[in-house]
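# The following block contains a protein sequence and its predicted model.
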Amino acid sequence: MKKESKNLTQKPSIKVGKEVKIISGKEKGKVGRVEKILRKTNQILIQGINIKTKNIKPKVKEEKGEVQRKEFPIHISNVSCCKE
């Protein structure tokens with residue numbers, strides 16, 4: 001018999017709008033506000049943290065290329081709640 005797979009995603013104690021502190025990674029020590037929680041992947045988007053840039057080439061020769069800046073998610077285990 002096969003064992004039923006358990007749902008490994010835990011309900012995070014972090015809520016949208018709360019301030020969190022990054023405890024590991026390149027952004028260690030920074031504080032930001034939670035914008036969105038991605039429950040399926042146990043990740044969160046934090047305002048102003050983990051911003052990456054992408055250069056977009058022009059599609060037509062007359063157009064100019066652009067630089068797009070976007071926030072990427074961080075795993076919940078890499079943050080902790082800040083006291084408000």
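It's in.
# what bits of the protein have low per-residue confidence?
Applying pLDDT under 70 to the chain picks out residues 1-12, 84.
# What ranges does it have for its strands?
19-22, 31-38, 43-46, 51-56, 66-71, 74-75, 79-81 (DSSP state E).
# Leu38 touches Val16, doesn't it?
No - assessed by CB atoms under 8 Å, Leu38 is found out of contact with Val16, at 11.4 Å. Where C-beta positions appear, they are placed from N, C-alpha and C, glycine not excepted.
# Just put the strands of the chain in TSV and tack on mean neighbour count.
As requested, the strands of the chain are exported to TSV (neighbours: other CB atoms under 10 Å):
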stretch	mean neighbour count
strand 19-22	18
strand 31-38	16
strand 43-46	21
strand 51-56	10
strand 66-71	10
strand 74-75	16
strand 79-81	17
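# which residues does the residue nearest the centre of the chain contact?
Geometric centre of the chain, nearest residue: Pro73, 1.7 Å, by CA atoms, centre = their mean. Shown in contact with Pro73 (CB atoms under 8 Å, 6 or more residues apart in numbering): 38, 41, 43-45, 50.
# Could you identify the most distant pair in these?
Pairwise distances across those peak at 14.1 Å for Thr41 and Asn50 (criterion: CB to CB).
# These two: which is more packed in?
Asn50 (19 against 11; other CB atoms under 10 Å).
# from memory that one sits against Phe72, does it?
Yes - Asn50 is in contact with Phe72 according to CB under 8 Å; the separation is 4.9 Å.
# what's the distance between Val16 and Asn78?
17 Å (CB to CB, to the nearest Å).
# Which one's more surrounded, those two?
Between Val16 and Asn78, counted using other CB under 10 Å, the more crowded position is Asn78 (16 against 11).
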